[in-house]
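Peer 1: Build the 3D model from these lines:
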Amino acid sequence: MLLSLLYVLISGIALPVGGIQMQYLWRNQLGDVYSLGLGSAACLGAAAATMSGWCSLTVGSFICTLICTLVCFFVTLRVNTQSLITFGILFGTFIGSLGTIVVTNAPNGDLLKQYYLWGAANFRLEGVTTGDIIFSLCLFAAGFAAALADNRRLTEHFKGAIELSKPHKAFSLLAIMCLVTSAVSICGPIGFISLGVPNLSRIICKKEDIRIHYLISSAMGISLLLITYLVVQYVNFGIYLPVSATMALLALPLMAILFIKK
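Peer 2: Numbers count the residues shown, from 1 in each chain. Predicted coordinates:
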C-alpha cells in the first residue's frame, strides 16, 4: 500500500514535470512525454523484458527509452520543431507497433497477463523487483534534479530570450527521459497528466516561470492520480478498473475546461 502510494506521488510529479519541460523545450503546447515516442519506448522495453526475461522491467524500459531519445536528438539536428513533433508521433506509433508484436507473441498466457496488469497502471507493481524500485528512484532523483537545475535557461528559451544549444537540448531530453522511465517502467503508461495537466497549469497561471508550473502541475498531477487510485481501489463496483482508463473518464471535465478556455 505504502509503495503504491509512493508511486502515485512519483508519477504525479514525474509525468507533468516532464510534460511541461517538453512544452518549454519545443515552445509548443502539444509537447508531451509521449509525443516523441519516449513513453512507447518505455513500454516496448518493459514488454521485451517481461516476455524474454533478459532483464528487469526498469532496465528494459531504460535501454529502449535511451535509444529512442538518441534517435530523437539526431532528428533535431535536421528538422524544425513542428516537423519534430510530427516525426515523434509517427515514431511513437512505429515503436508502439513493435510493442504490440512483442506482446502478441508472448510465450505463454501468464506472461501476457503479467504484462497486461502492469500496463493497466494500477500501481500494483506486478513483476517489479527491489532492484527495479531502486533504479527507478535513482532515475527520478536524477531527472527531477536536472529539471530544477535547468529551470532558468528553459524559461528564457521558452520566452525566446535565448536559444538553447543542441547539446543542451540533448541534456534536457535525457532529463525528461529519466523522469518518464522512473514512472512508466514501474507503473505502466499513464495518459493525460503529462499533456493535459501542464496545459491546465498554464491556463490557471499565466506566468512563464517554469518553476511555478512545476509546482502547479505536480500538485494537480498528484491530486488527479490519487483520486483515480482511490476510485479504482474502493469505488470499482466490483469490476477491474485500470487507472489509465479511469483517469480518462474522470479527466473529461478537465479536458472540457481546457478546450473552452482555449
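
Peer 1: Please enumerate the helices of the chain.
Peer 2: For the chain, the helices defined by DSSP state H cover 2-26, 38-52, 57-76, 81-104, 109-119, 130-149, 151-159, 166-187, 196-204, 210-234, 243-250, 252-261.

Peer 1: Need the winner for burial among those.
Peer 2: Neighbour counts (mean count of other Cβ atoms under 10 Å) averaged over each of the helices of the chain peak at helix 38-52, with a mean of 26. Where C-beta positions appear, they are placed from N, C-alpha and C, glycine not excepted.

Peer 1: returning to that earlier point: nearest approach to D32 belongs to which of the helices of the chain?
Peer 2: helix 2-26 (5.4 Å; Cβ to Cβ).

Peer 1: Against which helices or strands is the closest one packed?
Peer 2: Where contact means 3 or more Cβ pairs under 8 Å, 6 or more residues apart in numbering; DSSP states H and E, helix 2-26 is packed against helix 81-104, helix 130-149, helix 151-159, helix 166-187, helix 196-204, helix 210-234.

Peer 1: could you give the angle of the last one to helix 196-204?
Peer 2: Same thing as helix 210-234. 130 degrees (axes from the mean of the first three to the mean of the last three Cα atoms, to 10 degrees).

Peer 1: on that earlier part again, now the helices and strands packed on helix 2-26 in JSON lines, please, with extra columns for mean pLDDT.
Peer 2: Formatted as JSON lines, those follow (pLDDT from 0 to 100):
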{"stretch": "helix 81-104", "mean pLDDT": "81"}
{"stretch": "helix 130-149", "mean pLDDT": "91"}
{"stretch": "helix 151-159", "mean pLDDT": "93"}
{"stretch": "helix 166-187", "mean pLDDT": "84"}
{"stretch": "helix 196-204", "mean pLDDT": "87"}
{"stretch": "helix 210-234", "mean pLDDT": "92"}
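
Peer 1: Let's have the ones you listed in a markdown table, adding distance to S56.
Peer 2: Compiled in a markdown table, these are given as follows (distance: least, Cβ to Cβ, whole Å):
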| stretch | distance to S56 |
| --- | --- |
| helix 81-104 | 16 |
| helix 130-149 | 5 |
| helix 151-159 | 32 |
| helix 166-187 | 9 |
| helix 196-204 | 29 |
| helix 210-234 | 24 |
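
Peer 1: circling back: dump the helices of the chain into TSV; add distance to D32 as well.
Peer 2: Formatted as TSV, the helices of the chain follow (distance: least, Cβ to Cβ, whole Å):
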stretch	distance to D32
helix 2-26	5
helix 38-52	8
helix 57-76	13
helix 81-104	9
helix 109-119	18
helix 130-149	15
helix 151-159	16
helix 166-187	10
helix 196-204	8
helix 210-234	12
helix 243-250	15
helix 252-261	13
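
Peer 1: What is the burial count for C55?
Peer 2: 15 (other Cβ atoms under 10 Å).

Peer 1: so what's the residue nearest to it when sequence neighbours are not counted up against?
Peer 2: With sequence-adjacent residues excluded and distances taken as Cβ to Cβ, 6 or more residues apart in numbering, C55 is closest to A49, at 5.2 Å. Applying Cβ atoms under 8 Å, 6 or more residues apart in numbering to A49 gives the contacts 55-57, 59-61.
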